[in-house]
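> Here is a sequence together with a model predicted from it:
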Amino acid sequence: MKICVHGAGAWGTAVAVNAAARHEVTLWARDAAQADAMSAARENTRYLPGLALPASLAVRAGDIGQAQAGADLVIVATPMAALREQLIALRGTTAAVAWLCKGVEPALDASPASFGLLAHEIWAQVAPDLRAGVLSGPSFAQEVAEGRPTALVAASPHAAVRDTLVDAFHGPALRVYANEDIVGVEVGGAVKNVLAIATGLCDGLALGLNARAALITRGLAEMTRFGLALGARAETFMGLSGLGDLVLTSTGDLSRNRKVGLLLAQGRTLAQAVDSLGHVAEGVYCARTVVQRARGLGIEMPIAEGVVALLDGRVSPQDAVAALTGRDPVPESVPPGAAASPRHSS
Ligand SMILES: NC(=O)C1=CN([C@@H]2O[C@H](COP(=O)(O)OP(=O)(O)OC[C@H]3O[C@@H](n4cnc5c(N)ncnc54)[C@H](O)[C@@H]3O)[C@@H](O)[C@H]2O)C=CC1
Ligand SMILES: O=C(CO)COP(=O)(O)O
């Protein structure tokens, strides 16, 4: 199979290296100097240092049309903020297309009726004729690049796209499960980033393992309520892109989102935390959008609300925690049942 990966960050590089063992793969970088440096050093020293790029992996910049000519599969591995422009540029391609980004696009304008879109909603808006889907699940780039065992989910309404993703990436160390619920898979991938900032904060303040387990569990309930209101299936949140990625990102120290929470707990400003990462932490950019959209749907997301208040500088780390622990008692809601009530509480 011929594959073109757009975006030579940590995840795009890891995925390209993995696929290059079995397929003809081109990794496209928007920065020509970065592409030249990678080709010369056979390493992505900026985003994934220490990993040798296989000789068979072509690294290109410049004309993207040329880079992806004849491709069976195009992978968009940029941050969420670049997905819209990437899908517009891909209009008319006959290749299957899959995005790897996990987030929600910020609202395009400030009007109260405007809200940020999930990736499949951007697809429906700008390039509905593409045969497309998402590849998600618990997967730190570093571990995939090292060939450590990992399981992913390929979600699309098109069976052929799901099959193409399984053919492209399923191998000895990487299992790829197919799922038709693209809404649930994308909600899981976006919301877990916001929740990982919260667990990073909790651990940074040394609140303990009990508190972390409570946050993950109540976070899963928030994620599920939000997803159900958007049309997702409840069982998706018990799978790899829901619980799986939430546990990985909330507890794994390779997570950039978790790191943001840890750094805020140490008293760093948001700008300092973001600058020190050197990579995108999507939760920083999608927390507000998630909360705005949840409010519009009548869904309560107290943990995500706390993260937004913290990111906006409206509360201190300690006050963000106090706001959560000081909430009035409520029955423990079971997410699928909670979906039946008009106003969901946690
Ligand atoms: N790093 C990881 O372990 C994983 C990341 N993801 C998701 O994948 C997406 C990308 O993450 P990373 O690769 O880790 O980010 P990164 O911060 O390591 O790299 C981002 C890359 O995207 C490029 N880029 C930014 N805007 C672009 C544009 N307009 N056109 C082309 N390239 C552009 C940057 O130059 C850079 O090469 C994010 O949404 C992230 O949540 C998903 C699974 C695992
Ligand atoms: O999505 C990821 C793991 O599945 C990566 O998480 P971070 O973006 O927080 O590093």
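The structure has been received and is ready for your questions. Ligands and ions are numbered 1, 2, ... in the order given.
> alpha carbons only for contacts and neighbour counts from here, please
OK.
> secondary structure class for residue 152?
Following DSSP: H, G, I helix; E, B strand; the rest coil, the label given to residue 152 is strand.
> can you pull the pLDDT of it?
Per-residue pLDDT puts residue 152 at 98.
> now residue 108
The model's pLDDT for residue 108 equals 79.
> how close does it sit to residue 173?
With distances taken as C-alpha to C-alpha, to the nearest Å, residue 108 is found 40 Å from residue 173.
> the more surrounded of these two?
Taking neighbours as other C-alpha atoms under 10 Å, residue 108 and residue 173 compare with residue 173 leading, 15 against 10.
> got the contact list for that one?
147, 148, 149, 150 (C-alpha atoms under 8 Å, 6 or more residues apart in numbering).
> Return the member of those residues nearest to ligand 2.
Nearest to ligand 2, judged by C-alpha to the nearest ligand atom, of the contacts of residue 173 is residue 150 at 9.9 Å.
> Any stretches of the stretch 151-300 of the chain with poor pLDDT?
Within the stretch 151-300 of the chain, no stretch has pLDDT under 70.
> Show me what from it comes close to ligand 1.
279, 280, 282 (C-alpha under 6 Å from any ligand atom).
> what comes into contact with the helix or strand hosting residue 320?
Assigned by DSSP states H and E, residue 320 belongs to helix 317-325. Residues from elsewhere that reach helix 317-325 (C-alpha under 8 Å, 6+ apart): 201, 202, 264, 265, 302, 303, 306, 307, 309, 310.
> And ligand 1, is stretch 88-104 touching that?
Yes: shown here: stretch 88-104 in contact with ligand 1 (C-alpha under 6 Å from any ligand atom) through 100, 101, 102.
> my guess is the first one contacts residue 83, does it?
No: judged on C-alpha atoms under 8 Å, residue 100 makes no contact with residue 83 at a distance of 9.6 Å.
> now the residue lying closest to residue 38 once chain neighbours are set aside: how far from ligand 1?
Distances taken as C-alpha to C-alpha, 6 or more residues apart in numbering place residue 44 nearest to residue 38, at 5.3 Å, with adjacent residues excluded. From residue 44 across to ligand 1, the span is 10 Å (C-alpha to the nearest ligand atom, to the nearest Å).
> again, but for residue 106
For residue 106, the distance to ligand 1 - C-alpha to the nearest ligand atom - is 13 Å.
> how about the residues of the stretch 51-200 of the chain that lie near ligand 2?
137, 138, 139, 140, 193.
> Just the ones of those residues in strands?
Among these, no member falls in strands (DSSP state E).
> and whatever residue of the stretch 201-346 of the chain ends up closest to ligand 2, what are its phi and psi?
In the stretch 201-346 of the chain, the residue that lies nearest ligand 2 is residue 255 (3.3 Å; C-alpha to the nearest ligand atom). When read as degrees, to the nearest 10, the backbone of residue 255 gives phi -70, psi 130.
> Number of residues surrounding it?
Neighbours of residue 255 (other C-alpha under 10 Å): 21.
> pretty sure it is touching residue 245, no?
No: here residue 255 lies out of contact with residue 245, judged by C-alpha under 8 Å, at a distance of 10.6 Å.
> quick revisit: between which two of the contacts of residue 173 is the distance greatest?
147 and 150 (8.4 Å; C-alpha to C-alpha).
> Give me the common contacts of the two.
Residues within reach of residue 147 and of residue 150 at once, by C-alpha under 8 Å, 6+ apart, are 173, 174.
> Go ahead and confirm residue 284 touches residue 195.
No: Residue 284 is beyond contact range of residue 195, at 10.6 Å (criterion: C-alpha under 8 Å).
> you'd agree residue 88 is up against residue 129?
No: judged on C-alpha under 8 Å, residue 88 makes no contact with residue 129 at a distance of 11.0 Å.
> Figure out the length between the terminal residues of stretch 255-271.
17 Å.
> Report the buried residues of it.
Neighbour-count burial for stretch 255-271 flags 255, 256, 257, 258, 259, 260, 261, 262, 263, 264, 265, 270 (criterion: 16 or more other C-alpha atoms under 10 Å).
> cool, stretch 233-250 as well?
Applying 16+ other C-alpha under 10 Å to stretch 233-250 flags 233-234, 236-237, 239-250 as buried.
> repeat for stretch 200-211
200, 201, 202, 203, 204, 205.
> what does stretch 102-122 give?
102-107, 115-120, 122.
> Now for these: which two are most distant?
Maximum distance among the buried residues of stretch 102-122 (C-alpha to C-alpha): 16.8 Å, for 102 and 115.
> Identify each of the strands in the stretch 151-300 of the chain and give its residue range.
Assigned by DSSP state E, counting those that start in this stretch, the stretch 151-300 of the chain shows strands spanning 174-179.
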